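# Only the shape, not the letters, is given here:
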């Protein structure tokens, strides 16, 4: 069992807590949670609990937007052929669907292009540019890709094709010579919010064009797709993203488009109360699966059809692909674990770098994430494609994996991404050199303590403080995600009402109460089955670190504790 560090946040200034608590008529615990989120007064709290479309920034604050929107308008009025060029993940396919649907509604002559992960790889390619040129395309709008496509955009220019790049990934030193580049993190862009998803940037372009024709509300109907992309791409759910995801989730829960309704039905979810978490862990993998194992154009088709029967047929395809993906995922993960446990030197190496000729390129990103989760170390998973090692890198908190790859730029054939996740390609002969240099960079950046998993605890909480009003207000902290994570609590000396038991593969279920009070809370802890053998209900109490979630039972909503970690202790006479 890997021990975790518990890091209890420092309590905010008591006078500020009391002042905010008084002005909002909420408990001090909730007031502390808000202050730790940068919310210190009534008006900031109102904006947090009631996020409004009014706070969305003017799209024309984004560098390049005037040129981009003007070029789109010209293409519309001239009936030029437009191609929306996306990526094969959730953000890329949602971005493509947003832009396609908007342009189609504007009367555009538009089509979409999603590269095949297995045969073309990520991003814009010379091959695809030539294909689009032969189809008579005049304007390419990239979404969720294109910021590093320097040679490819130059090739398009030679063929007389204009390119508008809509991306949110990290640019390199040299930018493509596109007609316009929309990327809030590119040098010289003063757009106030830097953390949009790819679909968020596409939405901004749609809104800028809609402004020109006096219909700025028109793109709001696509916020369901923007929300799906934002939640799945794990962008910070603050500022604009909080509004976009919350508004989009409202559409998903009240009036989902046929494709999303079909996904919900296929996944056997209860419609009407889907959370950002359910999007990330249940909906997103099904969308990603078709891009990982085959043709992601089917996801775009799913999002753009108005026919529910057709949408459900496509959703079933996604379901089957996801089932197959999970099988391949498990085999690959088991193989990777075996390699780590037999070949990896935990004393010398901080990063996990693995390569196998036969791994499926569609699942190695998922497996890299699972390795990070299991070992709390950056992980790079590579397979061989056309004689070259290609794959995915995933990071841990405090280590910018994009910067690390940039430091190895001279031995990489290609790389791109952001601080937490990236893709790369390298000659197989350079793998040993890459592993050495990557680990050297990592050792200079973090220390050995950083690879011990840490749980940040927002506040200590007594069960007596978990009232219906507390839960009602806590629910309004959603949607949860980076920048606004579900609050983590610590409750000490809780008793086991029922002997804990294992369910599923290695999950624990039990019930807790505290200090003899009547309140009993059901609890589940995923992958914590190892605790069962350590606990005797009559002898032990526990300090538990957990989040609180709402679950539906027989039409009613109940709070459930989701255990993140436990420390088991012998009962003293004071623990009943």
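All right, it came through fine. Note that the structure is a prediction, hence the values are computed from the model and not measured.

# Can you identify each of the strands in the stretch 151-300 of the chain by residue range?
Along the stretch 151-300 of the chain, the stretches classed as strands by DSSP state E, counting those that start in this stretch are 162-166, 180-182.

# so what secondary structure elements neighbour the first one?
For strand 162-166, the helices and strands in contact under the criterion 3 or more Cβ pairs under 8 Å, 6 or more residues apart in numbering; DSSP states H and E are helix 65-78, strand 139-143, helix 150-158, strand 180-182, helix 198-212. All C-beta spots, glycine's among them, are computed from the backbone N, C-alpha and C.

# so what strands line up beside that strand?
Strand 162-166 has its sheet partners listed here by DSSP bridges as strand 139-143 (parallel), strand 180-182 (parallel).

# circling back: in CSV: the strands of the stretch 151-300 of the chain, plus mean neighbour count and mean pLDDT.
Output for the strands of the stretch 151-300 of the chain, formatted as CSV (neighbours: other Cβ atoms under 10 Å; pLDDT from 0 to 100):
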stretch, mean neighbour count, mean pLDDT
strand 162-166, 28, 98
strand 180-182, 27, 98
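
# Count the neighbours of residue 501 for me.
11 (other Cβ atoms under 10 Å).

# In three-state terms, label residue 562 for me.
Applying DSSP: H, G, I helix; E, B strand; the rest coil to residue 562 yields a three-state assignment of strand.

# who's in contact with it?
By Cβ atoms under 8 Å, 6 or more residues apart in numbering, residue 562 lies in contact with 523-526, 546-549.

# residue closest to the middle of the chain?
The residue lying closest to the centre of the chain (Cα atoms, centre = their mean) is residue 234, at 2.1 Å.

# Chain neighbours aside, what residue packs nearest to that one?
Counting by Cβ to Cβ, 6 or more residues apart in numbering, residue 234 lies nearest to residue 482, which is 5.9 Å off, once chain neighbours are set aside.

# For that neighbour, give me the pLDDT.
You'll see residue 482 listed with a pLDDT of 90.

# Please look at it and residue 241 and confirm they touch.
No - using Cβ atoms under 8 Å, residue 482 is not in contact with residue 241; the gap is 9.2 Å.

# which residues do the two both contact?
Between them, residue 482 and residue 241 share the neighbouring residues residue 235, with contact defined by Cβ under 8 Å, 6+ apart.

# With neighbour numbers in mind, choose between the two.
It is residue 241, of residue 482 and residue 241, that has more neighbours when counted by other Cβ under 10 Å, with 27 against 13.

# Distance check, the more buried one against residue 201.
12 Å (Cβ to Cβ, to the nearest Å).

# now residue 412
For residue 412, the distance to residue 201 (Cβ to Cβ) stands at 26 Å.

# same deal with residue 153?
Summarising the geometry, the distance separating residue 153 from residue 201, computed by Cβ to Cβ, is 17 Å.

# cool, and residue 503?
Counting by Cβ to Cβ, the gap from residue 503 to residue 201 is 42 Å.

# With residue 91 as the reference, measure out to residue 241.
Separation of residue 241 from residue 91 (Cβ to Cβ): 12 Å.

# burial measure for the residue nearest to residue 263 when sequence neighbours are not counted, as a count.
By the measure of Cβ to Cβ, 6+ apart, the closest residue to residue 263 outside its immediate chain neighbours is residue 315, 5.1 Å from it. Summarising burial for residue 315: neighbours were counted as other Cβ under 10 Å, giving 26.

# Report pLDDT for residue 315.
For residue 315, pLDDT reads 96.

# was I right about residue 174 contacting residue 151?
No - shown here, residue 174 and residue 151 do not form a contact pair, counting by Cβ under 8 Å, at 10.1 Å.

# So between residue 503 and residue 201, which is more surrounded?
The residue with the greater number of neighbours, taking residue 503 and residue 201 and applying other Cβ under 10 Å, is residue 201; the counts read 27 against 10.

# In this structure that one contacts residue 184, no?
Yes - using Cβ under 8 Å, residue 201 makes contact with residue 184 at a distance of 7.1 Å.
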